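Undergrad: sequence and predicted structure are below.
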Amino acid sequence: MAKAFKAEQYVLLPSGGLRAGGRGVGADAQDFLRTAEVAGSDGVSIEGRQVPMRVLDSIGPDGAKLVELPPESLLAVRSLLPSLRVVPLVYYTPAVAPIMEVATKAARSATTAAGITLKVLAKTGAKPVVGAIVVALTDVKNRVGAQGVTDSQGQVSLALGSASVKLEALYVYPADAYWTLRKKAVTITSGTVVNLLPLDLAFTDCLRFFYGNAALTVGTGVTVGVLDTGIANHPDLVVSGGANTVTGEDPKDFGDNGKGHGTHVAGIIAARGQAPTGVRGVAPGVKLRSYRVFARGSGSASSFAIAKAIDQAVTDKCDLLNMSLGGGQPDPVLTAAVDDARAAGSLCIIAAGNGGRQPVSFPATLGSALAVSALGRKGTFPPSAAEVDDVAAPYGTDKKNFIADFSNIGPEVDLTGPGVAIISTVPTGYTEISGTSMACPAVTGAAARALAPTTILKKKRDSARSDAMVKAVLATAKSLGFTPTLEGHGLPASK
Amino acid sequence: MARSRFVLRYQGTGPAPGADLARIAALSRAVILDASPRMLLVEADADALGALAATLADWVMAPEQHLPLPDTRQRADHAPPVPEP
């Protein structure tokens, strides 16, 4: 039979086991697994809707199915049969050991290179900008250059090897209060001053463009767990409880670990401030809980701590679990924890990763979770900001919209959310950051918006509840005109 | 033999069987570093723990992984070359 559509092969698996009667398999999915015929027609009826699909093989009469699907059917299957895992068919090839990188003369000379002292000041008032990360690159593609952090005078010494250097690009990432900066083709010498624009909390960033400023009651009745670096005390945030699951640390210490990432994520979901003195999250009425999985001062999280936090958040009756993390190898323990959360009526929403249009990172690849790509919009950050690098084709129906260049993409993407130059809370105030880490909580907040007015959260905590949550959230998504691998179902519950 | 950290997770219904926990705890040179109602973080010889885990029903085992904090900022990985004299 000639192919009627451009299709990819997938395995449709029950969420538990391999058969229709497995743990957590919804009635619709059971019906599909029992009735879909191998080598049948080029379409399968699901909930009365004819979905283009070809069933190539099956494990027994009611088991997992090998199918061919066009992209639009992939979305339909994930929406109509949320208790099935949709796994792209993968052919494994032998892993080749990487060739050891030869230490270059450049790398060896790092400690002896001459330094250039750069000064970072506020654009108005010439106030020193303290604690800003300055990255000076002579070769952007190969990441050749030097970096440092500004001191109390706003000064940083950069080991660039000579007294005057032409940079391909200079980046400044302030700790708070200012926009990032990117300057291209700039020559710097000792004494060069760069100026940063102050953040205006009333500015319409990408998050506020799509979600506005919600009433404080939006999201009421939904409990959200943030699995991250912890959440700091902040005037815009109310944290109702949580846990620290890092081995060897105080379980009650679920405040920010010093990195600020979790505090920023929490603000995107549920900040209760008011511009121009504060910021407002997407669903400020939710009950917010903090699960710290990154050790104090650390930039990595153990898979044990993450799985333990998922279990604890489920025990604490969190409806939505925000996981702005990822990048490890597929892990059966984390997979089981996410699957168990889904079976217990809680839904994990996970960042797709920042690999730069690479395949979606684990654990966002898991079919039991929702994976989120990062959306940006021209005009929602200054033209001098580092985020100009994130603008990339293709553009949406509205040509100002784009999926960020750093965002991972693929068939696992379920939804997209604002993730470029997002202004939110940090322990020392407010800052703007970009990443699928920011898109993920925007979608979590949107999911809370979608679920709060429904009766779904009153249901018994089981897989049927989770399935209903997924359907309800996906039903609010609107395509912005990108392909499904970029935006999934689109942007959920926007204004 | 290489000692590493592993996560064991019980996937059966109800609490993890006490007999299973006792066998893991009794494994030679195994150290239980942390525990939760369904999981253990264990430092042990990989082969010995793997062989034991294979005999335990409803447990999954994986090496402990560390996931990095996501970051989209530029960084300098290599210093520029020093100009020739």
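TA: Structure's in. What do you need? These numbers come from a predicted model, not from an experiment.
Undergrad: make it CA atoms for all contacts and neighbour counts henceforth
TA: OK.
Undergrad: residues contacting the nearest residue to B:Tyr10 once chain neighbours are set aside?
TA: The spatial neighbour of B:Tyr10 that comes closest, neighbours along the chain excluded (C-alpha to C-alpha, 6 or more residues apart in numbering or on different chains), is B:Trp59 at 4.5 Å. For B:Trp59, the contacting residues are B:Leu8, B:Arg9, B:Tyr10, B:Gln11, B:Gly12, B:Ala53, taking C-alpha atoms under 8 Å, 6 or more residues apart in numbering or on different chains as the criterion.
Undergrad: can you tell me which of those residues is nearest chain A?
TA: Closest approach between these and chain A, by C-alpha to the nearest C-alpha: B:Arg9, at 6.3 Å.
Undergrad: how many neighbours does the closest residue to A:Leu486 other than its chain neighbours have?
TA: Distances taken as C-alpha to C-alpha, 6+ apart place A:Ile409 nearest to A:Leu486, at 5.4 Å, with adjacent residues excluded. When neighbours are counted by other C-alpha atoms under 10 Å in any protein chain shown, A:Ile409 registers 29.
Undergrad: surely A:Ile409 touches A:Ala371?
TA: No: with contacts counted by C-alpha atoms under 8 Å, A:Ile409 stays clear of A:Ala371, the gap being 9.5 Å.
Undergrad: list residues touching both of these two?
TA: Any residue near both A:Ile409 and A:Ala371 by C-alpha under 8 Å, 6+ apart counts here, and that gives A:Ala352.
Undergrad: re the thing from before, can you say which of the contacts of B:Trp59 are buried?
TA: B:Leu8, B:Arg9, B:Tyr10, B:Gln11, B:Ala53 (16 or more other C-alpha atoms under 10 Å in any protein chain shown).
Undergrad: show me where pLDDT drops low in chain B?
TA: Segments of chain B classed as low confidence (criterion: pLDDT under 70) are B:1, B:83-85.
Undergrad: please disregard the earlier target; I meant chain A.
TA: Along chain A, the model assigns pLDDT under 70 to residues A:1-6, A:15-18, A:22-24, A:87-114.
Undergrad: so what secondary structure elements neighbour the helix or strand A:Phe209 falls within?
TA: Using DSSP states H and E, A:Phe209 sits in helix A:206-211. Applying 3 or more C-alpha pairs under 8 Å, 6 or more residues apart in numbering or on different chains; DSSP states H and E, we find helix A:206-211 packed against strand A:413-418, strand A:422-426.
Undergrad: OK, contacts around the residue nearest to A:Val193 when sequence neighbours are not counted?
TA: The shortest distance from A:Val193 to any non-neighbouring residue, by C-alpha to C-alpha, 6+ apart, is to A:Lys119 (4.7 Å). By C-alpha under 8 Å, 6+ apart, the contact set of A:Lys119 is A:Pro128, A:Thr150, A:Gln153, A:Gly154, A:Gln155, A:Val156, A:Gly191, A:Thr192, A:Val193, A:Val194.
Undergrad: swap in 10 Å and give it another go.
TA: A:128-129, A:134, A:150-151, A:153-157, A:190-195 (C-alpha atoms under 10 Å, 6 or more residues apart in numbering or on different chains).
Undergrad: A:Glu249: which element?
TA: With DSSP H and E as criterion, A:Glu249 is part of no helix or strand.
Undergrad: what's near enough to touch it?
TA: Taking C-alpha under 10 Å, 6+ apart as the test, what A:Glu249 contacts is A:Ala295, A:Arg296.
Undergrad: likewise for the one 5 residues further on?
TA: Taking C-alpha under 10 Å, 6+ apart as the definition of contact, the neighbours of A:Phe254 are A:227-232, A:239, A:241-246, A:289-294, A:296.
Undergrad: same deal with A:Val186?
TA: A:Ala136, A:Thr138, A:Val165, A:Lys166, A:Leu167, A:Glu168, A:Ala169, A:Leu170.
Undergrad: now do A:Glu387
TA: Contact partners of A:Glu387, counting by C-alpha under 10 Å, 6+ apart, are A:179-182, A:376, A:378, A:380-381, A:404-405, A:420-421, A:433-434, B:72-73.
Undergrad: most neighbours among those residues, please name it.
TA: When neighbours are counted as other C-alpha under 10 Å, the busiest of these turns out to be A:Val420, with 34 neighbours.
Undergrad: now that one, nearest residue through space, not along the chain?
TA: Leaving aside its sequence neighbours, A:Val420 sits nearest to A:Ser434 (C-alpha to C-alpha, 6+ apart; 4.5 Å).
Undergrad: does the one you found touch A:Gly376 like I think?
TA: Yes: shown here, A:Ser434 and A:Gly376 form a contact pair, counting by C-alpha atoms under 10 Å, at 9.3 Å.
Undergrad: anything in contact with each of those two?
TA: A:Glu387, A:Asp390, A:Ala404, A:Pro418, A:Gly419, A:Val420, A:Ala421, A:Ile422.
Undergrad: so who does the closest residue to the last one other than its chain neighbours touch?
TA: So the one you mean is A:Ile422. Counting by C-alpha to C-alpha, 6+ apart, A:Ile422 lies nearest to A:Glu432, which is 4.9 Å off, once chain neighbours are set aside. With contacts taken as C-alpha under 10 Å, 6+ apart, A:Glu432 has the following neighbours: A:173-180, A:199, A:205, A:264, A:381, A:420-426, A:438.
Undergrad: who's A:Glu432 bridged to?
TA: Each beta-bridge partner of A:Glu432 is listed here, defined by DSSP bridges: A:Ile423.
Undergrad: please tell me how far it sits from A:Ser407.
TA: Distance of A:Glu432 to A:Ser407, given as C-alpha to C-alpha, to the nearest Å: 17 Å.
Undergrad: next: A:Asn213.
TA: Distance, A:Asn213 to A:Ser407, using C-alpha to C-alpha: 25 Å.
Undergrad: same question for A:Gly355.
TA: Using C-alpha to C-alpha, one gets 6 Å for the distance from A:Gly355 to A:Ser407.
Undergrad: overlap in contacts of the two?
TA: What both A:Gly355 and A:Ser407 touch, as defined by C-alpha under 10 Å, 6+ apart, is the set A:Thr436, B:Thr72.
Undergrad: and the two? Which one has more around it.
TA: Neighbour count, other C-alpha under 10 Å: between A:Gly355 and A:Ser407, A:Ser407 has more, with 29 against 19.
Undergrad: what sits against that one?
TA: For A:Ser407, the contact set (C-alpha under 10 Å, 6+ apart) comprises A:351-360, A:372-375, A:390, A:419-420, A:435-437, A:439, A:486, B:72.
Undergrad: same thing but 6 Å
TA: For A:Ser407, the contact set (C-alpha atoms under 6 Å, 6 or more residues apart in numbering or on different chains) comprises A:Asn354, A:Gly356, A:Arg357, A:Ser373, A:Ala374.
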